[in-house]
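Enquirer: quick one: sequence plus predicted model below, questions after.
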Amino acid sequence: MKNDEVMNIAKKRGFLWSSFELYSGVAGFFDYGPLGAILKNNIMNKWREYYVIREGFFEIESPTIMPEEALKASGHVDNFTDPMTECKDCMEVFRADHIIKEAIGSDVEGLENEELSKVLSDENICCPQCGGYLTHVWSYNLMFQTVIGAKGKKTGYLRPETAQGIFIPFKRLLRFYRGKLPFGVVQMGKAYRNEISPRQGVIRLREFTQAEAEIFVNPLDKSHPKFCEVAYDILHLYSAERQSNGEHMVKMSAGDALESGTISSEMLTYQLCLAGRFLNDLGIPGNVVRFRQHLSSEMAHYAIDCWDVEIETDKYGWVEIIGIADRSDYDLKSHSQYSKEDLKVFIEYSQSKVVKKLVVKPLMSKFGPLFKADATKILEALKDIDASQIANTFKDKGKYELEVEGSTYQLSSDLLELQEVDETLRGVKIYPHVIEPSYGIDRIFYAVLLHCYCKEDDKVLLRLPADIAPVEVNVFPLLNKDDQSRIALEIRDQLRNDNIVAEYDSSGTIGRRYARSDEIGVPFAVTVDHDTLNDNKVTIRNRDDSKQIRIPISDVYQVIKDLSNLKISFKDLENEILQS
């Protein structure tokens, strides 16, 4: 199986291995080794190229520990759960929908706990560990809980996503962007989910790296100024409708997907195309990528539309590596209600409007004496209520009941005066909607290894794009002789001085060294041979086709830099030398 071969290479050559191996390991945690850490950082920097540099979204950094009230407002305290079941015999716990899928092949994600319990019972599904009886299913909150401060009186959680760290300082970010929509903010960093039974390697981790962009838009204008640049991109789309009808995914251009209503907005469609281009730049071919729309039963509590970018794997099937959601105004509205802070944005009209408006005017001669100290908070609450709603309630019931901070107040028509006035509107205050592309960097890392891995006979290649390869060039002496080794080390050192990751290797035959280099994805090799001593030239070898060219030592540094930055291809270099 390709997955097993890739993971063997990853462990053997220092890309990835299980954490805490001295202590038998802990499921859901992995270490990135010397090559893995560089590759992961290169993927992250490629993401920054897309979103920070090209899209112009500024990056922020927020704490990884969050107070309970912030996550209560976001809905995570109440809704961030997975269905759990436990074996009564061995006491092992499992995620119910996962063991059902493993046992009978049915995808039951999104079903209620009672329905999952019924499936376990009806299908006679037993504990996969010992064959024991599984209990009823209940909801398990995935957040890691902690306490803040030495006294332990304040509850906190390790953040389950980076997004909330962008929503909470929204007022400051809006000011930074001069109060104008749309604008985007990104954050990249660790997030934590206390998974029930992580058994899929780096696919399901308890600590993982996210790269998220939160794009704040006018809910009435979800267009994108650069949509024409992606309109002809071909997407493999698997809509909710096609899933429900038992149909296969379909190939469609971005423009056609938008026009047919398959994808709801230009902004959302543009983000899907951007994700596809990003994965292609990482060496993941389009034929193993699909865009699957969430069914209504699996939609997150904050989303009105969501598409997963999935890659095909030989071991796990289709795996989500990116989620792109229209989060509507859920987050800002919720944080506004919980914090009592106004997180609306003023959208200015092109021309002022004069409108008739029904307003509520409290009769303070009666209002103040009746409600005394509570009068101020009641008046504040009235500001957020539509006057027509109060008028209709007066008409139907003769009084209006107002709930403020857990108390109910009876308001009658002799306390409130309803007036129709002319109001000049220069704009309107709205909660922005949020389009969110959320990238799982660890899963993308795995996808890159899986789909860049290639085996030709006994030869193993890791066809990593040159601009993300952890080692950009290896420098070899053809023979381990003093003169050749000295020149090779001088070349390596000069390459390093030019900010190129270069390694020197003189162990074994040149064929063995090329093979080791190919196996870890080094795109180019520079070889010093006996002719170098006479003509000051070296051989540059291309990993993917083993072709070689000979160039002066003085040109090596610029050539390797241009090849690594994809400014030129090896084929271009060959043609240039042939023509010179």
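Expert: It's in. Keep in mind that what you see is a predicted model, and the values were worked out from it rather than measured.

Enquirer: how is this protein divided into domains?
Expert: Domain ranges of the chain: 2-80+142-329+435-441, 81-141, 349-430, 471-579, per automatic domain parsing.

Enquirer: any chance of those in a markdown table, plus mean pLDDT and distance to Ser336?
Expert: Every C-beta, even on glycine, is put in place using the N, C-alpha and C of the backbone. A markdown table is the format used below for those (pLDDT from 0 to 100; distance: least, CB to CB, whole Å):
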| stretch | mean pLDDT | distance to Ser336 |
| --- | --- | --- |
| domain 2-80+142-329+435-441 | 95 | 9 |
| domain 81-141 | 89 | 24 |
| domain 349-430 | 84 | 10 |
| domain 471-579 | 95 | 45 |
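
Enquirer: next, format those domains as a markdown table and append mean neighbour count and distance to His451.
Expert: Putting the domains of the chain into a markdown table (neighbours: other CB atoms under 10 Å; distance: least, CB to CB, whole Å) gives the following:
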| stretch | mean neighbour count | distance to His451 |
| --- | --- | --- |
| domain 2-80+142-329+435-441 | 18 | 5 |
| domain 81-141 | 16 | 24 |
| domain 349-430 | 12 | 42 |
| domain 471-579 | 17 | 12 |
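
Enquirer: give me the next element, helix or strand, following the helix or strand encompassing Arg550.
Expert: Under the criterion of DSSP states H and E, Arg550 resides in strand 548-552. Moving toward the C-terminus from strand 548-552, the next helix or strand (DSSP H and E) is helix 553-564.

Enquirer: who's in contact with that next one?
Expert: The contact list for helix 553-564 (CB atoms under 8 Å, 6 or more residues apart in numbering) reads 466-467, 469, 472-473, 487, 491, 494-495, 498, 500, 502, 523-524, 526, 532, 536-538, 540, 551, 568-570, 573.

Enquirer: before we move on, back to that, with distance to Leu449 as new columns, can the domains of the chain be given to me in JSON lines?
Expert: Formatted as JSON lines, the domains of the chain follow (distance: least, CB to CB, whole Å):
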{"stretch": "domain 2-80+142-329+435-441", "distance to Leu449": "5"}
{"stretch": "domain 81-141", "distance to Leu449": "23"}
{"stretch": "domain 349-430", "distance to Leu449": "44"}
{"stretch": "domain 471-579", "distance to Leu449": "9"}
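
Enquirer: what sits against Glu576?
Expert: Glu576 touches Ile568, counting by CB under 8 Å, 6+ apart.

Enquirer: how about the CA coordinates for the host helix or strand of it, as CSV?
Expert: Using DSSP H and E, Glu576 sits in helix 570-579. What follows is helix 570-579, C-alpha atoms only, in CSV (Å, rounded to 0.1, in the frame of the first residue of the first chain):
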residue,chain,number,x,y,z
PHE,A,570,15.7,22.6,-16.0
LYS,A,571,14.5,22.2,-19.6
ASP,A,572,14.9,26.0,-20.1
LEU,A,573,18.5,25.7,-18.7
GLU,A,574,19.2,22.8,-21.1
ASN,A,575,18.0,24.8,-24.1
GLU,A,576,20.0,27.8,-23.0
ILE,A,577,23.2,25.9,-22.8
LEU,A,578,22.6,24.2,-26.2
GLN,A,579,22.1,27.6,-27.8
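
Enquirer: and the angle for that helix with helix 553-564?
Expert: Here the directions of helix 570-579 and helix 553-564 differ by 150 degrees (axes from the mean of the first three to the mean of the last three CA atoms, to 10 degrees).

Enquirer: longest single strand anywhere in this protein?
Expert: Taking DSSP state E as the criterion, the chain has its longest strand at strand 345-362.

Enquirer: put the alpha carbons of that one into PDB.
Expert: The C-alpha coordinates for strand 345-362 follow below in PDB (Å, rounded to 0.1, in the frame of the first residue of the first chain):
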ATOM      1  CA  VAL A 345     -20.000  48.000  10.200                       C
ATOM      2  CA  PHE A 346     -21.400  51.200   8.700                       C
ATOM      3  CA  ILE A 347     -22.100  50.800   5.000                       C
ATOM      4  CA  GLU A 348     -22.500  54.200   3.400                       C
ATOM      5  CA  TYR A 349     -25.100  54.700   0.700                       C
ATOM      6  CA  SER A 350     -24.100  56.300  -2.600                       C
ATOM      7  CA  GLN A 351     -26.900  58.800  -2.000                       C
ATOM      8  CA  SER A 352     -28.700  59.700   1.200                       C
ATOM      9  CA  LYS A 353     -32.300  58.500   1.600                       C
ATOM     10  CA  VAL A 354     -35.200  60.000   3.500                       C
ATOM     11  CA  VAL A 355     -37.500  57.300   5.000                       C
ATOM     12  CA  LYS A 356     -40.500  57.200   7.300                       C
ATOM     13  CA  LYS A 357     -39.600  55.500  10.600                       C
ATOM     14  CA  LEU A 358     -41.700  54.400  13.600                       C
ATOM     15  CA  VAL A 359     -39.900  55.200  16.800                       C
ATOM     16  CA  VAL A 360     -40.500  54.600  20.500                       C
ATOM     17  CA  LYS A 361     -40.400  57.500  22.900                       C
ATOM     18  CA  PRO A 362     -40.600  56.600  26.600                       C
END
